[in-house]
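Student: From the sequence below, what's the structure:
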Amino acid sequence: MIKLADAFEKKAADRTLVVGVMGLGYVGLPLAQAYCRQGFHVIGFDVSEDKVEKLNAGKSYIKHISDNSVAVMRETGRFEATTDLDRLNEPDAILICVPTPLDKHRDPDLSYVVSSTEEIGKRLREGQIVILESTTYPGTSDEVMQPILEKLSGLKAGENFAIAYSPEREDPGNPKFETSTIPKVVGADTAAESRMAVAIYSAIVPQVVPVSDVRTAEAVKLTENIFRAVNIALVNELKTIYGAMDIDVWEVIRAADTKPFGFMAFYPGPGLGGHCIPIDPFYLSWKAREFGMTTRFIELSGEINANMPGMVVDAVAAELSNRLEKSIKGAKVLLVGLAYKKNVDDMRESPSLTLVEMLEARGAKVDFYDPYIPVVPYDRDHPEYAGRKSVDWTPDVLKGYDAALVATDHDNVDYHVLLESVPFVVDTRNACHMHASEYGEKIVKA
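Tutor: Next up, the predicted model:
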């Protein structure tokens, strides 16, 4: 394996190494872009013919990646997208960036990882490295992927080919960071495999952080997101407590954040969204049961965060009754923001559709507005909402609603017009704070 690692490092250094990216979504496409910029030839694999056609035509389907940047990738000849999985033997490195959701029982759903690994295993050749970037539980690489790859290929990990894990750290819509500026953690079980993983990533990022094995690297990603989930649950609970005391939690956090040490600001919201925080902690909870252990902080945090949409809907109902003497049944409510975070077009695990579902279950008539999501895409948890369209953002349209609920605080929304047009706004993101002096009586923080 040492000779294979030597050859791999040389190809990485002189940019003759071919990179394969499996899954061209919010993680895979930026990763492919980063390698193209550094002179590597990249083959992108995806099962979606529509995505492949768009990319090969120089078009992007992700808001924060421009058509021009994809066109440049194509024009340089360094990037090609394909649905042909028989070409998986061509790359020297295969980076797997596929979804790892939870099933209906909140257990890990590794079906995408398993199917991708099987496709690779059928075509695996000597000298390749297979790296999983998807978030998962410690043991996935060596307990799930390695046996599949070895059985289907007849090759031996650590001898004929390499396995490593490097957790993705994408933050869609964050202008301060992109793939090529974020340090990469890598873990492999042998020194030669670790050298190969370090070589492939050190070509595109400023710092590579090797850890002792794949399980440690898998645990790093879970730890990062569990930290966030627990702290978001904490501020969600504080919001409820301080609200009962007539204390503005946003003001409290803003003031506490002036302390230059010992404090890190987290912010409340209507629930958790995104592809990581609502899901990843439960991967560890599931795995911990194998060792007869429970994850009490994780379970409690999940319970608190899962309760937030219901509390928000209760606030809407209470304000309709108190302000308008109107029942939520039959009330017209505008939900502002479908994306899971501001300034992106990403709806993965967004609490917004849960809010719509809860409001409509209580009889409200709900429309939505999102400048980044004109039409609701298919969502496996809420397929019934696919195809619903965003309303026009005009005073005449807005005046037709009894209340508005801000679920996502996009920067390019005119909250002044919103406050001017509707009787009141339930604001879960503190999006309207700039207009509090003029419309404070209309703003309900929930």
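
Student: switch to C-alpha atoms for all contacts and neighbour counts from now on
Tutor: Noted.

Student: Which residues are in contact with the residue nearest to residue 334 when sequence neighbours are not counted?
Tutor: Nearest in space to residue 334, with sequence neighbours left out and distances taken as Cα to Cα, 6 or more residues apart in numbering, is residue 404 at 4.6 Å. The contact partners of residue 404, taken as Cα atoms under 8 Å, 6 or more residues apart in numbering, are 333-336, 418, 422, 424-426.

Student: who wins for neighbours among those?
Tutor: residue 425 (30 neighbours; other Cα atoms under 10 Å).

Student: How is the nearest residue to that residue once chain neighbours are set aside assigned, secondary-structure-wise?
Tutor: Of all residues not flanking residue 425 in the chain, residue 404 sits nearest, at 4.8 Å (Cα to Cα, 6+ apart). Classification of residue 404 by DSSP: H, G, I helix; E, B strand; the rest coil places it in strand.

Student: out of the contacts of residue 404, which are inside strands?
Tutor: Among those, DSSP state E puts 333-336, 425-426 in strands.

Student: Next one: the residue nearest to residue 425 relative to residue 389, how far apart?
Tutor: According to Cα to Cα, to the nearest Å, residue 404 and residue 389 sit 17 Å apart.

Student: how many neighbours does residue 16 have?
Tutor: 14.

Student: what residues are up against it?
Tutor: Residue 16 makes contacts with 40-41, as judged by Cα under 8 Å, 6+ apart.

Student: Can you give me the separation between residue 123 and residue 72?
Tutor: Residue 123 is 30 Å from residue 72, where distance means Cα to Cα.

Student: again, but for residue 122
Tutor: Going from residue 122 to residue 72 by Cα to Cα gives 33 Å.

Student: In stretch 12-21, which of the residues would be classed as buried?
Tutor: 12, 15, 17-21 (16 or more other Cα atoms under 10 Å).

Student: Residue ranges in the stretch 251-400 of the chain under the pLDDT threshold?
Tutor: The stretch 251-400 of the chain contains residues with pLDDT under 70 at 274-278.

Student: Spell out, range by range, the helices that occur in it.
Tutor: Listed in chain order, the helices of the stretch 251-400 of the chain (DSSP state H, counting those that start in this stretch) span residues 280-290, 296-324, 352-361, 395-398.

Student: give the contact list for the residue nearest to residue 431 when sequence neighbours are not counted.
Tutor: Using Cα to Cα, 6+ apart and skipping residues adjacent in sequence, the residue nearest residue 431 is residue 409, 5.3 Å away. Listed by Cα under 8 Å, 6+ apart, the contact set of residue 409 reads 337, 341-343, 429-431.

Student: Which member of the residues you listed is positioned nearest residue 58?
Tutor: For these, the closest approach to residue 58 (Cα to Cα) belongs to residue 343, at 23.0 Å.

Student: State the distance from the closest residue to the closest one other than its chain neighbours to residue 437.
Tutor: Excluding the flanking residues, the one nearest residue 343 by Cα to Cα, 6+ apart is residue 410, at 5.1 Å. Counting by Cα to Cα, the gap from residue 410 to residue 437 is 21 Å.

Student: Same check on residue 397?
Tutor: As judged by Cα to Cα, residue 397 and residue 437 stand 25 Å apart.

Student: Of those two, which one has the most company?
Tutor: Higher neighbour count among residue 397 and residue 437: residue 397, with 12 against 8, using other Cα under 10 Å.

Student: which residues touch that one?
Tutor: Counting by Cα under 8 Å, 6+ apart, residue 397 touches residue 391.

Student: And residue 332, by the same measure?
Tutor: Taking Cα under 8 Å, 6+ apart, we find residue 332 in contact with 364-367, 400-403.

Student: Name the nearest of those relative to residue 127.
Tutor: residue 367 (54.1 Å).

Student: Quick check: the closest one touching residue 335?
Tutor: Yes. The criterion here is Cα atoms under 8 Å, and residue 367 meets it with residue 335 at 6.2 Å.

Student: one step back: under a three-state scheme, what state does the residue nearest to residue 431 occupy?
Tutor: coil.

Student: How about the one 3 residues further on?
Tutor: Classification of residue 412 by three-state DSSP places it in coil.

Student: Out of the ones in strands among the contacts of residue 404, which comes closest to residue 64?
Tutor: Using Cα to Cα, residue 336 comes nearest to residue 64 of those, at 20.4 Å.

Student: Is that closest one in contact with residue 411, as I believe?
Tutor: No. Residue 336 is beyond contact range of residue 411, at 11.8 Å (criterion: Cα under 8 Å).

Student: so what are the domain limits for this protein?
Tutor: 2-212, 260-445 (automatic domain parsing).
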